[in-house]
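Engineer: I need the structure of the sequence given here:
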Amino acid sequence: MTGMRDEENELSRTPPVAVRRELRREVGFGCPVSGCGNPYLEYHHFDPPWEKEHHHDLARMIALCAEHHAKAAAWTIDDCRAMKAIPVDRPDVRGRFEWMREDVLAVIGGCFYYETPNMVLFRGEPMIWFERDERRRLLLNFRVLTASGQPRTRLDNNDWIIRGNPADVESPPNGSRLRVRYDNGDDLSIRFREWEDAEVLGREYPRALGLGQSLQFPLLTAEITFEVGGTNIRFGPTTTKLGGGTMNLVVANCANGLAIN
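Structural biologist: Numbering: from 1, shown residues only. Coordinates of the predicted model:
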């Protein structure tokens, strides 16, 4: 019937994955407004605005941080088009995880580490570990392995910085997740989640309940997966793979967890 909306074919305001990926890439994974560089990006429709036409045309959209997305109506179409290229003087893309608790369960490659400050060591040096701040809250650190010889993303006490020309960076505005992928196959994902009780946690991670009464709820998890491109080192969602072997560890109340030599 003329004039009626076809709700089954209504376009979602959230762009498809491929569109979001390209919009992030073209601004260098940080808000392109001069002096900003905020990595927590949203997707702005500017030619015309979403309210006038529902579309996901790359040429008529731009990735912006939440603050500048809210102000974007002030810019002309030409202003937006001028920002749709990586600025020559773009600052380093960096962010911070605000998730901090005295107790955190680390889930790394499907293995569980609790009250274990040095979760993963590589050749005797910490690779993934926690440090405590002045309020005894745990802060996450990660030195990313690579066979490329190129710089890679670093995480220092919950502060992260992107290095080495990634193929894609995902860091949603809620600040709970970061994923960085490189063309050589290096792939890093970090996600924080909070669980209200053991029943909810057990649905996702039943083996974690083996830690018993030592787990205090609500519980924060720091979940890490990563793969070293061109090698057989893979810390997947459910299993850690090193060489020809796999492992599913539950480690608690130890100084050190997994050691890779």
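
Engineer: Next, work out how far apart L188 and G229 are.
Structural biologist: Distance, L188 to G229, using CB to CB, to the nearest Å: 11 Å. In short, each C-beta sits where N, CA and C put it, glycine included.

Engineer: The two: who's more crowded?
Structural biologist: Using other CB atoms under 10 Å, the more surrounded residue of L188 and G229 is L188, with 25 against 16.

Engineer: Which positions within the host helix or strand of D78 qualify as buried?
Structural biologist: Secondary structure assignment for D78, by DSSP states H and E: helix 77-83. Of all the residues in helix 77-83, those buried under the rule 16 or more other CB atoms under 10 Å are C80, M83.

Engineer: Give me the next element, helix or strand, following that helix.
Structural biologist: Proceeding N to C from helix 77-83, the next assigned helix or strand is strand 94-96, under DSSP H and E.

Engineer: That following strand - which strands sit beside it in the sheet, and in what orientation?
Structural biologist: Strand 94-96 pairs in its sheet with strand 159-161 (antiparallel), by DSSP bridges.

Engineer: any idea of the mean pLDDT for the partner strand?
Structural biologist: In this model, strand 159-161 has an average pLDDT of 96.

Engineer: And for stretch 244-258?
Structural biologist: 93.

Engineer: does the residue nearest to P49 when sequence neighbours are not counted sit in a helix, a strand or a coil?
Structural biologist: For P49, ignoring the flanking residues on the chain, the nearest one in space by CB to CB, 6 or more residues apart in numbering is A73 at 7.5 Å. State at A73, reduced to three classes by DSSP: H, G, I helix; E, B strand; the rest coil: helix.

Engineer: tell me, how many neighbours does A73 end up with?
Structural biologist: Neighbours of A73 (other CB under 10 Å): 9.

Engineer: from what I can see it touches E51, true?
Structural biologist: No - with contact defined as CB atoms under 8 Å, A73 does not reach E51; the gap is 10.2 Å.

Engineer: So, low pLDDT: which residues of the stretch 1-150 of the chain?
Structural biologist: The stretch 1-150 of the chain contains residues with pLDDT under 70 at 1-9, 86-90.

Engineer: And the residue nearest to P49, how close does it get to D47?
Structural biologist: 13 Å.

Engineer: do V17 as well
Structural biologist: Noted for V17: a distance of 22 Å to D47, by CB to CB.

Engineer: That concludes my questions; thank you for your assistance.
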